[in-house]
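*Asks:* Structure for this input, please:
(one chain, ligands or ions: 2)
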Amino acid sequence: MNEKVTLTPANLTLRHPELGTGPVPADAYWKPEWYQRELDAIFKRAWMCVGRVEQAAKPGDFFQKPIPTFNFNVIVARGKDKQLRAFYNVCQHRGNHIELRDHGHCVAFTCPFHGWTYGLDGKLVGVPDQKAFFDLDKDKLRLKELPLDIWEGFIFVNLSPEPPMTLKEFLGDHGRDLEGYPFERGTAIFEYEGTFNCNWKCMVDSFCETYHVPVLHRHSVKDTLAGPDNPHGRLIDIRLKGPHRTQSVWGNMAYQPNPVQGLAFRNAPGPSVTSGAVDESTKLPKGLNETRAPNWSIDVTVFFPNWIIVMGSGMYFTHQMWPLSENKVVWQMRGYMRPATTAAQRFGQENSMVELRDAVLEDCNTLERIQSSLDQGLITEFIFHDHELALRHQYHVVQQWVKDYEKGLKKAKKAAKKGAGKKN
Ligand code: FES
Ligand SMILES: [Fe+2]
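*Replies:* Ligands and ions are numbered 1, 2, ... in the order given. Purely as a prediction, here's the structure:
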């Protein structure tokens, strides 16, 4: 802990010359037409996290995950064969929802409208008064299934019936380098949720730079994540891996907690998220605090497009953003802690939760003002600080995904036209 701490120079962006250093156009943060292109190119093609395996641990367990962006719910169910499957919550008779509970246990799903029944594998197994239908082929009327795969106990789905790549390929080094973190230990969960009038990317951005820490968080976490040795909230490091990115956040090891905080930090199972202490019992994966800096506090890891895990050595929490339009987003936050075994530990956790909530509310506080400036055309480009590289990277990845997808479409159209011409 007494090792000499050196401040990271402002040259992170220069490691990625392809991203440039100039201002970034702000069109993509408010234009409705661009938003529609993002839905097709990104949200309908990228793997997105919908929950954890513990939420459907035994055969017959299920949970629902609302996908606000597209206004439907996904059901994740564990079959008798122990396999997890994801289905649209849509009855194949006339479209009613087959399950209304947000989680539970069952042997089959029975639609509460006319009683069509589906097995946990999605097969249509029962149709009341079946003889009165015309040529009903039950085999063709399975629940519509979504591609599902798992990374480190997190369940991902893809809205494309034929995803452009596997989850493993999609996560690449980013996923590989974070494997081994004890995610499964965080079974004590707390949640916050809200809807904000802002673009989804602005919300991602608000959690992905610490340049704002000494100013915006001057009444909360400023002295834990910045300090006299790091007055402007510089990062330790940032790693860009494909469309994903991880930044390691500096911690002020000289921070002296106030008496209540001190008590809380000592008693949280795993340190409080803002305490800056490292839990020695946790073996960190390679990709977490990758430079092994002694003054590390947390890593902010962004899984493109809409999921962030903030990982400390004893606790982690996630943010997920579901856009509703070019200037509206649903934000969901989940914190995962190890269950407290004493009242003192529970107190420590509660302290972490409220400290975190206060800091996050400060982050959210700027968003609607930024969006009104964008919507009114009063800001037309963003000027990024070197340590705001994550924001620059997000901008470029989004542009690239839209460009690549549309290029692929054009190519396919051209090939189809050529094929049709040959036939004639
Ligand atoms: S809509 Fe489900 S049984 Fe009719
Ligand atoms: Fe912040």
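*Asks:* Report the contact partners of Gly233.
*Replies:* Thr210, Tyr211, His212, Val213, Pro214, Leu225, Ala226, Trp250, His387 (CB atoms under 8 Å, 6 or more residues apart in numbering). Using the backbone N, CA and C atoms, a C-beta is placed for each residue, glycine as well.
*Asks:* Which of those residues fall in strands?
*Replies:* Cross-referencing the contacts of Gly233 against strands under DSSP state E gives Trp250.
*Asks:* Make CSV from the contacts of Gly233 and add distance to Lys65 and neighbour count to it.
*Replies:* Below are the contacts of Gly233 laid out as CSV (distance: CB to CB, whole Å; neighbours: other CB atoms under 10 Å):
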residue, distance to Lys65, neighbour count
Thr210, 30, 26
Tyr211, 33, 18
His212, 31, 17
Val213, 32, 24
Pro214, 37, 17
Leu225, 31, 23
Ala226, 36, 25
Trp250, 34, 28
His387, 34, 22
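*Asks:* Ligand 1 contacts on the protein?
*Replies:* Within reach of ligand 1 by CB under 6 Å from any ligand atom, the chain has these residues: Cys91, His93, Arg94, Asn96, Cys111, Phe113, His114, Gly115, Trp116.
*Asks:* Render the CA-only coordinates of stretch 387-401 in CSV, please.
*Replies:* Extracted in CSV, the C-alpha atoms of stretch 387-401 (Å, rounded to 0.1, in the frame of the first residue of the first chain):
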residue,chain,number,x,y,z
HIS,A,387,-9.1,10.1,-20.1
GLU,A,388,-12.6,10.3,-21.6
LEU,A,389,-11.3,7.8,-24.1
ALA,A,390,-14.1,5.3,-23.3
LEU,A,391,-16.6,7.8,-24.7
ARG,A,392,-14.7,8.3,-27.9
HIS,A,393,-14.4,4.6,-28.2
GLN,A,394,-18.1,4.1,-27.8
TYR,A,395,-18.8,6.7,-30.4
HIS,A,396,-16.6,4.9,-32.9
VAL,A,397,-17.8,1.4,-32.2
VAL,A,398,-21.5,2.5,-32.7
GLN,A,399,-20.6,4.2,-36.0
GLN,A,400,-18.7,1.1,-37.1
TRP,A,401,-21.4,-1.3,-36.2
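*Asks:* circling back: please identify which pair of the contacts of Gly233 lies farthest apart.
*Replies:* Farthest-apart pair in these is His212 and Trp250; separation 13.5 Å (CB to CB).
*Asks:* Now, the contacts of Gly233 that are in helices?
*Replies:* For those, membership in helices holds for Val213, Pro214, Leu225, with DSSP state H as the criterion.
*Asks:* Show the contacting residues for the closest residue in space to the last one that isn't next to it in sequence.
*Replies:* With sequence-adjacent residues excluded and distances taken as CB to CB, 6 or more residues apart in numbering, Leu225 is closest to Val213, at 4.9 Å. Contact partners of Val213, counting by CB under 8 Å, 6+ apart, are Val221, Lys222, Leu225, Ala226, Gly233.
*Asks:* ok, 10 Å please
*Replies:* Val213 makes contact with 220-226, 230, 232-234, 249-250, 359, 362, according to CB atoms under 10 Å, 6 or more residues apart in numbering.
*Asks:* Pull the number of nearby residues for the closest residue to Gly251 other than its chain neighbours.
*Replies:* Once flanking residues are discounted, Gly251 sits nearest to Ser297: 3.0 Å by CB to CB, 6+ apart. Per other CB atoms under 10 Å, the neighbour tally for Ser297 reads 27.
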